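*Asks:* can you look at this prediction? I've put the sequence above it.
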Amino acid sequence: MTIGVLAMIVGLHAVAKSITMELNDVSNAFGTINQSYAYKGLSKSGHAAVVGTAYNDGRDHCDCSSIKQESDPNPKSDSHSSNGDN
């Protein structure tokens, strides 16, 4: 019983850590979205008019610079690759 409880705790910790890492990836993806916009105003002589507006999304302290996929410095090699040693 004790071993089962300990195994469950370790498993739940691994799940919680994985979920936290995935949510961090999602937040970084949202942080890289540029939300700038601009549109011109409309007007018709003798009728209503709407002014235009613009917003330039600048860099915030919480924005990440970019999402980069890191390359593995020690890539795993396939044991069945053709290297001449068959």
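*Replies:* It's in. Everything quoted here is computed from the prediction, not taken from an experiment.
*Asks:* contact partners for residue 52?
*Replies:* Contact analysis of residue 52 by CB atoms under 8 Å, 6 or more residues apart in numbering lists 38-41. (Each C-beta comes from the backbone N, C-alpha and C, glycine too.)
*Asks:* let's see that with 10 Å instead.
*Replies:* Residue 52 makes contact with 38-42, according to CB atoms under 10 Å, 6 or more residues apart in numbering.
*Asks:* the nearest residue to it once chain neighbours are set aside: how many residues sit nearby?
*Replies:* Sequence neighbours aside, residue 41 is the residue nearest to residue 52 in space, at 3.8 Å (criterion: CB to CB, 6 or more residues apart in numbering). Residue 41 has 9 neighbouring residues, counting by other CB atoms under 10 Å.
*Asks:* can you give me the pLDDT of residue 41?
*Replies:* If you check residue 41, the pLDDT there is 89.
*Asks:* residue contacts, it?
*Replies:* Per CB under 10 Å, 6+ apart, neighbours of residue 41: 49-53.
*Asks:* redo the contacts of residue 52 as TSV? Include distance to residue 2 and secondary structure.
*Replies:* Output for the contacts of residue 52, formatted as TSV (distance: CB to CB, whole Å; DSSP: H, G, I helix; E, B strand; the rest coil):
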residue	distance to residue 2	secondary structure
38	64	strand
39	65	strand
40	70	coil
41	72	coil
42	73	strand
